[in-house]
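> Quick one, what's the 3D model for this:
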Amino acid sequence: MRIPGRIAATLLACFALVTGSAQAAPAAPDLNDPRMKDIAMQIVASAENSTLNWRGRFGYIEDINDKRGYTAGIIGFCSGTGDMLDLVELYKKRKPGNVLEKYLPALRKVNGTPSHEGLDPSYTKDWQTAAKDAAFKAAQESERDRVYFNPAVSQAKKDGLSRALGQFIYYDAIVMHGDGWGSPDFTHIRNRALSNAKPPSQGGNETTWLNAFLDARVWAMKQEPAHSNTSRVDTAQRVFLKNGNLDLKTPLKWKVYGDSYEIR
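Now for the predicted structure:
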């Protein structure tokens, strides 16, 4: 008996579902996807530098009076927290004799303090000169990944956060607060959240856990006067979470410090 094409197609689809041969829809990309990583960098840059053009911030450097000395580069490397020292050491390793190498003794001395001793008056100018060098730009991206991006995404996955928003929320937290710096750092924030909710890896609901983490993050931000404006959480990450956009699908619209941003 000849079966009409439309009926045959329906029967085949049903058979595929029954036998499990139908292909599942592909999972949304996580933060390691190049496009998603770029989106993450744009959102961070909106809060750190009031721009989406994060690639234009390799030469950024200033003291924002947060007791961490100079803050600089695409992710806010600080002279007082060790990550700037590690960056300049990597730059020396990759390109000996570079313009920043002579500041390594001073960077070692001021590490852990807000001091500029041995850096002023020429360090900021030399940083901006180095930022024109492709080797220094590559070093900044390498250290961003080693110190911030990779640990954040790795911990997010351990906590059962396989989707981009949760991974980004961890990433933004570790960018601002670091880890291993002492309270309130990333680990302290996560431990505080654990007192109120469970991550998906422990059977918790993803949205509930992320709200608890953001509550702890806001608390941590308010402990530091330089970071007490919580709009990067309230009018950005909370907005994505409230909208159920766990995959950070574009278009994205948010505000930071009252300024509006959009990624199409």
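> got the contact list for G59?
Taking C-beta atoms under 8 Å, 6 or more residues apart in numbering as the contact definition, G59 lies against W127, Q128, A131, K132. For glycine as for every other residue, the C-beta is placed from the backbone atoms N, C-alpha and C.
> where along the protein do the helices fall?
5-19, 34-49, 83-94, 104-110, 123-130, 134-144, 150-158, 164-177, 186-194, 206-221, 231-232, 238-242 (DSSP state H).
> Show me what the shortest one is in contact with.
Residues lying outside helix 231-232 but in contact with it, judged by C-beta under 8 Å, 6+ apart, are S46, A47, D172, K255, V256, Y257, G258.
> tell me the two of those that are most distant?
The two members of the contacts of helix 231-232 with the most space between them (C-beta to C-beta) are D172 and G258, at 18.4 Å.
> More neighbours: which of the two?
Legend: neighbour count by other C-beta atoms under 10 Å for D172 and G258, higher for D172 (23 against 8).
> Test my guess that that one contacts Q237.
Yes. D172 sits in contact with Q237 when judged by C-beta atoms under 8 Å, with a separation of 7.0 Å.
> domains of this structure?
The chain breaks down into these structural domains: 28-51+144-263, 58-132 (assignment by the TED database).
> how about the ones you listed, which one is nearest A138?
Closest approach to A138 among those is made by domain 58-132 (7.6 Å; C-beta to C-beta).
> How far does the closest one stretch from one end to the other?
Length of domain 58-132, first residue to last, C-alpha to C-alpha, to the nearest Å: 8 Å.
> now stretch 119-135
Looking at stretch 119-135, the gap from its leading to its trailing residue is 21 Å under the measure C-alpha to C-alpha.
> Can you give me the buried ones in it?
L119, Y123, T124, D126, W127, A130, A131, D133 (16 or more other C-beta atoms under 10 Å).
> Just send the residues you listed back as CSV, with pLDDT too.
Putting the buried residues of stretch 119-135 into CSV (pLDDT from 0 to 100) gives the following:
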residue, pLDDT
L119, 98
Y123, 98
T124, 98
D126, 98
W127, 98
A130, 98
A131, 98
D133, 98
